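Undergrad: no sequence on hand, only this structure:
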Ligand SMILES: NC(=O)c1ccc[n+]([C@@H]2O[C@H](COP(=O)([O-])OP(=O)(O)OC[C@H]3O[C@@H](n4cnc5c(N)ncnc54)[C@H](OP(=O)(O)O)[C@@H]3O)[C@@H](O)[C@H]2O)c1
């Protein structure tokens, strides 16, 4: 489909300009809503130079002034055009200055431009979008947010948004990173709440983080060295890790949500580049979405809501006084921290010394126990040795005694054997004598002694 009428805010440079150019190339009519007439007209000229048939028009819109937002809508209505798409692209990233700046309506600048100006603009153009949706069945709102809405995305330390202090008026609450985070969170809270309210109307609203794109003008308020570092050093390094996106990729992420036919009917979603993603847990809190809506409607003096005015910003004198007060507080805080550091240092020293003494004590105790153990071992050794000697002596005595007894026994046996021997010898000699006697007698019988012949 071509021929849509698309409003792009902040379209004179960066993503807004390129998205406008691409949309014109696609045969759409783009209204470049810019705060600076000269820059806005120059942007239109550049588009026409490359594409003389482009339907590009400049219309003045200063989001830092609610009256300008209202007159922009009036001027647009005078053109008598059907509105198909609104791209809320314009944005500011505050400088590193610790001082807040303010919109015409006394809003803190970042919240005022990035969220509240767009909040009013969208609500004022909602009827136009609804009207077009009735005829085409498809009107869209694209909200350009950032992954920096999430405290978990590390860029600079930020905290959860305090909805009771959206202009960061409390002392010490303001810093640029926190202001930007709050405004980009507000963009998402707004998207989700609006999506619920317009469901079924044919108008859809989605938000997109185009990715980290160092080559736009967003960091223009930073110092020259920081700009150089972000753009060329950091941007160059991160290019290789694919963390950064080109201006063309960022612009096409916006164009995708604005006209991609496949996304017709998609409502209330968060995209990073071309992909649908889950936004931070904080952004998903329905209570917070409603509270932010109510507050925004009141600050924008929208019909049906009780008007609320932002407090008048402090005068230069008051700022100076607050600065002095802050300086004094910071000085006192620094002194307190210094004293606490000193106390901590002393406590650490004391603890160190105590620990050292305790260690020495423990070491001495260990030595003592060691010596005691050594003595005990020595004693036990000596006791064991004397016991061994005693046992040895005892064994010697027993052996000696056994030896003596054995010898005695031997003598006894020897004596008994001697006696038996003597006895035996005696018996043998008696037997021998008896045998001799018997022999003699036998001899006498065998050959008697001759009878004395003479006697006959
Ligand atoms: N670049 C990134 O890395 C990045 C990352 C995430 C999200 N984003 C978001 O992308 C969007 C576009 O940013 P960009 O990087 O293209 O920045 P950019 O180059 O600085 O463009 C910002 C545009 O917003 C306009 N603008 C500022 N204050 C305005 C006001 N009071 N009324 C109307 N218009 C106003 C600027 O106009 P002037 O020229 O007159 O000031 C400029 O046209 C922003 O919403 C930004 O938060 C950017």
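TA: Happy to help now that I have it. Only a predicted model underlies this, so the values are computations on that prediction, with no experimental measurement involved.
Undergrad: in the stretch 51-200 of the chain, which spans are strands?
TA: Per DSSP state E, counting those that start in this stretch, the stretch 51-200 of the chain carries strands over the ranges 55-60, 85-88, 139-144.
Undergrad: from the chain's centre, how far out does the shortest one sit?
TA: Spelled out, it's strand 85-88. The gap between where strand 85-88 is centred and where its chain is centred comes out at 36 Å by Cα atoms, centre = their mean, to the nearest Å.
Undergrad: for the residue of the stretch 301-450 of the chain found nearest the ligand, which non-adjacent residue is closest in space?
TA: Per Cβ to the nearest ligand atom, the residue of the stretch 301-450 of the chain with the smallest distance to the ligand is residue 310, at 15.8 Å. Glycine gets a C-beta too; all of them are placed from N, C-alpha and C. In this structure, residue 310 finds its nearest non-sequential neighbour in residue 106, 4.0 Å apart by Cβ to Cβ, 6 or more residues apart in numbering.
Undergrad: what's the neighbour count on that neighbour?
TA: 14 (other Cβ atoms under 10 Å).
Undergrad: what about the stretch 301-450 of the chain, any weak spots by pLDDT?
TA: Along the stretch 301-450 of the chain, segments meeting pLDDT under 70 span 448-450.
Undergrad: which residues does residue 162 contact?
TA: The contact partners of residue 162, by Cβ atoms under 8 Å, 6 or more residues apart in numbering, come to 170, 173.
Undergrad: picking that back up, the residue nearest to residue 310 touches residue 312, doesn't it?
TA: Yes: using Cβ atoms under 8 Å, residue 106 is in contact with residue 312, at 5.8 Å.
Undergrad: in which helix or strand does residue 38 reside?
TA: Residue 38 belongs to helix 37-50 when assigned by DSSP states H and E.
Undergrad: residues of that helix that come out buried?
TA: For helix 37-50, the neighbour count (16 or more other Cβ atoms under 10 Å) marks 39-41, 43-44, 46-47 as buried.
Undergrad: which among those residues gets closest to residue 61?
TA: residue 40 (8.8 Å; Cβ to Cβ).
Undergrad: ok, longest helix in this structure?
TA: In the chain, assigned by DSSP state H, the helix with the most residues is helix 316-446.
Undergrad: picking that back up, so the residue of the stretch 301-450 of the chain closest to the ligand, which state does it fall into?
TA: The assignment at residue 310 comes out as coil when based on DSSP: H, G, I helix; E, B strand; the rest coil.
Undergrad: that one and residue 35, how far apart?
TA: In this view, residue 310 and residue 35 are 20 Å apart by Cβ to Cβ, to the nearest Å.
Undergrad: would you map the helices across the stretch 1-150 of the chain?
TA: Per DSSP state H, counting those that start in this stretch, the stretch 1-150 of the chain carries helices over the ranges 14-25, 37-50, 66-78, 109-111, 118-136.
Undergrad: before we move on, back to that, quick one: which of the strands of the stretch 51-200 of the chain is nearest residue 335?
TA: strand 139-144 (44.9 Å).
Undergrad: by contact count, what packs against that closest one?
TA: With contacts defined as 3 or more Cβ pairs under 8 Å, 6 or more residues apart in numbering; DSSP states H and E, the packing partners of strand 139-144 are strand 85-88, helix 118-136, helix 176-198, strand 203-209, helix 247-259.
Undergrad: swap in 6 Å and give it another go.
TA: strand 85-88, helix 118-136, strand 203-209, helix 247-259 (3 or more Cβ pairs under 6 Å, 6 or more residues apart in numbering; DSSP states H and E).
Undergrad: with mean pLDDT and distance to the ligand as new columns, can the ones you listed be given to me in JSON lines?
TA: Putting the helices and strands packed on strand 139-144 into JSON lines (pLDDT from 0 to 100; distance: least, Cβ to the nearest ligand atom, whole Å) gives the following:
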{"stretch": "strand 85-88", "mean pLDDT": "98", "distance to the ligand": "8"}
{"stretch": "helix 118-136", "mean pLDDT": "98", "distance to the ligand": "9"}
{"stretch": "strand 203-209", "mean pLDDT": "98", "distance to the ligand": "5"}
{"stretch": "helix 247-259", "mean pLDDT": "97", "distance to the ligand": "6"}
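Undergrad: output these in a markdown table, with distance to residue 390 and mean neighbour count appended to each entry.
TA: Output for the helices and strands packed on strand 139-144, formatted as a markdown table (distance: least, Cβ to Cβ, whole Å; neighbours: other Cβ atoms under 10 Å):
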| stretch | distance to residue 390 | mean neighbour count |
| --- | --- | --- |
| strand 85-88 | 106 | 27 |
| helix 118-136 | 106 | 19 |
| strand 203-209 | 94 | 26 |
| helix 247-259 | 99 | 22 |
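Undergrad: make CSV out of those and add distance to residue 76.
TA: Converted to CSV, the helices and strands packed on strand 139-144 look like this (distance: least, Cβ to Cβ, whole Å):
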stretch, distance to residue 76
strand 85-88, 10
helix 118-136, 8
strand 203-209, 16
helix 247-259, 17
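Undergrad: and the pLDDT for the residue most central in space within the chain?
TA: The residue lying closest to the centre of the chain (Cα atoms, centre = their mean) is residue 152, at 8.5 Å. You'll see residue 152 listed with a pLDDT of 93.
Undergrad: this protein against the ligand: which residues are in contact?
TA: 9-10, 12-16, 34-36, 39, 61-64, 89-92, 113, 144, 146, 209-210, 212-213, 216-218 (Cβ under 6 Å from any ligand atom).
Undergrad: buried subset of the residues you listed, written for PyMOL?
TA: Buried residues within the residues of the chain next to the ligand, by 16+ other Cβ under 10 Å, are selected in PyMOL with:
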select buried, resi 9+10+12+13+14+15+16+34+35+39+61+62+63+64+89+90+91+92+113+144+146+209+210+212+213+216+218
